[in-house]
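Peer 1: just coords:
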């Protein structure tokens, strides 16, 4: 039996869902972002109980086709931005259309109707979150981050970062550095 689960965005989410399934007495054959394949079939009462337990962890079972498709789009974007070392070599629309076997216009309209934002804005917000993470780690220069995240220049990254956060990357980094120092001083 295949289950689709909303809000699974990282490897820790996979571990949390796996632990909850085991605690509930169910056996996962395969788990990936947004999707679980169980070895057994669940009846309606078991599905409801599992859904209630998952909601306490911030997840939710998805039962309609369109919501599953939107969740798959979000998971593909999250995987691309947060879990891939390589920047996208084709454009995002072609990537999603090829992975999901739908016309991009359909995917774009469905995403916008369901999420209240565009795929592109969601993609940009995920990229900016990854940039924040890389800035906090302080292991790469801004130029290296721009290259890694597929930006054509540091100026373009900085412009998009400021538009999304209201801060320049260096100001964001300084704020985080100051907060870190304050915590260490406690």
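Peer 2: Thanks, I have it. Owing to the predicted nature of the structure, the values given are computational and were not obtained by experimental measurement. Numbers count the residues shown, from 1 in each chain.
Peer 1: Which residue ranges of the chain form strands?
Peer 2: 2-6, 28-32, 35-38, 60-62 (DSSP state E).
Peer 1: Any chance of these in TSV with distance to residue 150 as columns?
Peer 2: C-beta here means a position set from N, CA and C on the backbone, and glycine is covered the same way. Formatted as TSV, the strands of the chain follow (distance: least, Cβ to Cβ, whole Å):
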stretch	distance to residue 150
strand 2-6	27
strand 28-32	24
strand 35-38	26
strand 60-62	29
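Peer 1: Okay, now the unreliable bits of this protein?
Peer 2: Within the chain, the stretches with pLDDT under 70 are 86-90, 176-186.
Peer 1: what's the residue closest to the geometric middle of it?
Peer 2: residue 78 (3.2 Å; Cα atoms, centre = their mean).
Peer 1: Please report phi then psi for the nearest residue to that one once chain neighbours are set aside.
Peer 2: In this structure, residue 78 finds its nearest non-sequential neighbour in residue 9, 5.2 Å apart by Cβ to Cβ, 6 or more residues apart in numbering. Phi and psi for residue 9, reported as degrees, to the nearest 10, are phi -120, psi -10.
Peer 1: What is the neighbour count of residue 9?
Peer 2: Neighbours of residue 9 under the rule other Cβ atoms under 10 Å: 19.
Peer 1: got the domain boundaries for the chain?
Peer 2: As assigned by automatic domain parsing, the chain contains the domains 1-63, 64-186.
Peer 1: got JSON lines for the strands of the chain, with distance to residue 173 and mean neighbour count too?
Peer 2: Shown next, in JSON lines, are the strands of the chain (distance: least, Cβ to Cβ, whole Å; neighbours: other Cβ atoms under 10 Å):
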{"stretch": "strand 2-6", "distance to residue 173": "33", "mean neighbour count": "19"}
{"stretch": "strand 28-32", "distance to residue 173": "33", "mean neighbour count": "13"}
{"stretch": "strand 35-38", "distance to residue 173": "36", "mean neighbour count": "17"}
{"stretch": "strand 60-62", "distance to residue 173": "35", "mean neighbour count": "18"}
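Peer 1: Minimum distance to residue 141: which of these has it?
Peer 2: strand 28-32 (33.1 Å; Cβ to Cβ).
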